[in-house]
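Trainee: Next comes the sequence, and after it the predicted model I'd like to discuss.
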Amino acid sequence: MIIIRYLVRETLKSQIAILFILLLIFFCQNLVRVLGDAVDGNIPTNLVLSLLALGVPKMAQLILPLSLFLGLLMTLGRLYTESEITVMHACGLGKRTLIIAAMILALFTSA
């Protein structure tokens, strides 16, 4: 259905933007911690980049569900603000359509 693709695409755009912003924040926090350990001499300097790169998948695993939740909140809030949800209800589409779009993204996020 076209409307489900629209909802998935809009939510996915918000989710990806939030994911990159949160990853950047957590990456910078990890960078400060690892550089502090390297300055103290606890970590060899040639391992700093390796430790930072290996921490990204772990961070992404933790941040991905949060980014989906925040992306859904932002997208649905925008759709309600711009009265697109009201138009969908006027056209006969119920909340089931919104739930299907959210569940499609949740399925791919959890996999």
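Mentor: That came through fine.
Trainee: give the contact list for the most centrally placed residue in the chain.
Mentor: With the centre of the chain defined as its mean C-alpha position, the nearest residue by Cα atoms, centre = their mean is Ser67, 2.6 Å away. For Ser67, the set of contacting residues under the criterion of Cβ atoms under 8 Å, 6 or more residues apart in numbering consists of Gln15, Ile16, Ile18, Leu19, Leu22. Glycine gets a C-beta too; all of them are placed from N, C-alpha and C.
Trainee: any idea which helix or strand carries it?
Mentor: When elements are assigned from DSSP states H and E, Ser67 belongs to helix 48-81.
Trainee: surely Ile3 meets Gly92?
Mentor: No: counting by Cβ atoms under 8 Å, Ile3 sits too far from Gly92 to count as a contact (10.8 Å).
Trainee: Tell me which of these two has more neighbours.
Mentor: Taking other Cβ atoms under 10 Å, Ile3 and Gly92 do not tie; Ile3 has more neighbours (15 against 7).
Trainee: Select the longest helix from this protein.
Mentor: Using DSSP state H to define each element, the chain has its longest helix at helix 2-40.
Trainee: Give the buried residues for it.
Mentor: If you call a residue buried by 16 or more other Cβ atoms under 10 Å, then helix 2-40 has these buried ones: 7-8, 10-12, 14-15, 18-19, 22-23, 26, 30, 34, 38.
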